[in-house]
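Novice: The sequence and its predicted three-dimensional model are supplied below.
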Amino acid sequence: MSSSPFPDCKLIRPAVPYDGKQGFTYLEGISRQSVGANALCMMLLTIPPGGRAKPHLHEAHETAIFILSGEAEAYYGARLEHSVVTRAGDMFYIPAGIPHFAVNRSATEPCSAVIARTDPNEQESVVLLPELEGLVE
């Protein structure tokens with residue numbers, strides 16, 4: 001037992017994939033489950049060529065995305081009426097409660113990103129929005 005009043009730092013080497021409700025496979029990273037985080041999670045995502053998420057939002061949790069490689073188009077807004085293309089080196093912020101989804105329009109190149117959220121349980125606040133499916137081709 002440690003006599004230090006501070007919690008231990010923990011190293012994660014992402015290797016365990018899991019399927020998110022959004023329709024993508026993520027690599028486990030920092031979360032309540034993996035390290036006991038209280039206010040954030042961070043994971044790695046690779047969107048395969050042609051990959052597309054399901055429209056969703058995160059209740060009461062913000063999202064920050066850093067694009068490592070490739071590019072993805074993100075749609076957002078009440079009716080997914082806005083879009084932005086994110087490329088390697090870009091950072092993208094999504095406020096809590098905003099409907100959104102991403103698509104990799106490349107037929108050959110994956111898009112890899114680091115995703116951080118203010119939800120330590122990562123998937124807990126994901127709300128799928130099937131009523132928004134089909135609004136964007």
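Specialist: Yep, that arrived.

Novice: host element of the most centrally placed residue in the chain?
Specialist: By CA atoms, centre = their mean, the chain has its centre lying nearest to Ile115, at 4.5 Å. Using DSSP states H and E, Ile115 sits within strand 111-117.

Novice: Name the residues that touch that strand?
Specialist: 26, 40-47, 51, 58, 61-72, 86, 104, 125 (CB atoms under 8 Å, 6 or more residues apart in numbering). (C-beta placed from N, C-alpha, C; glycine too.)

Novice: swap the cut-off to 7 Å and go again
Specialist: Contacts of strand 111-117 with the rest of the structure, by CB atoms under 7 Å, 6 or more residues apart in numbering, involve 40-47, 58, 61-72, 104.

Novice: How about stretch 87-100?
Specialist: So stretch 87-100 is in contact with 55, 57-71, 74-78, 80, 84, 86, 129, 132, going by CB under 7 Å, 6+ apart.

Novice: And the pLDDT at the residue nearest to Thr63 when sequence neighbours are not counted?
Specialist: Of all residues not flanking Thr63 in the chain, Ile94 sits nearest, at 4.2 Å (CB to CB, 6 or more residues apart in numbering). Looking at Ile94, its pLDDT reads 97.

Novice: Likewise for the one 10 residues further on?
Specialist: Asn104 carries a pLDDT value of 98.

Novice: Over to Ala88?
Specialist: 98.

Novice: cool, Ser3 as well?
Specialist: For Ser3, pLDDT reads 70.

Novice: Let me know the secondary structure of it.
Specialist: coil (DSSP: H, G, I helix; E, B strand; the rest coil).

Novice: now the strand holding Ile115, how far from the centre of its chain.
Specialist: Distance of strand 111-117 from the chain centroid (CA atoms, centre = their mean, to the nearest Å) equals 5 Å.

Novice: show me where pLDDT drops low in this protein?
Specialist: Applying pLDDT under 70 to the chain flags residues 1-2.
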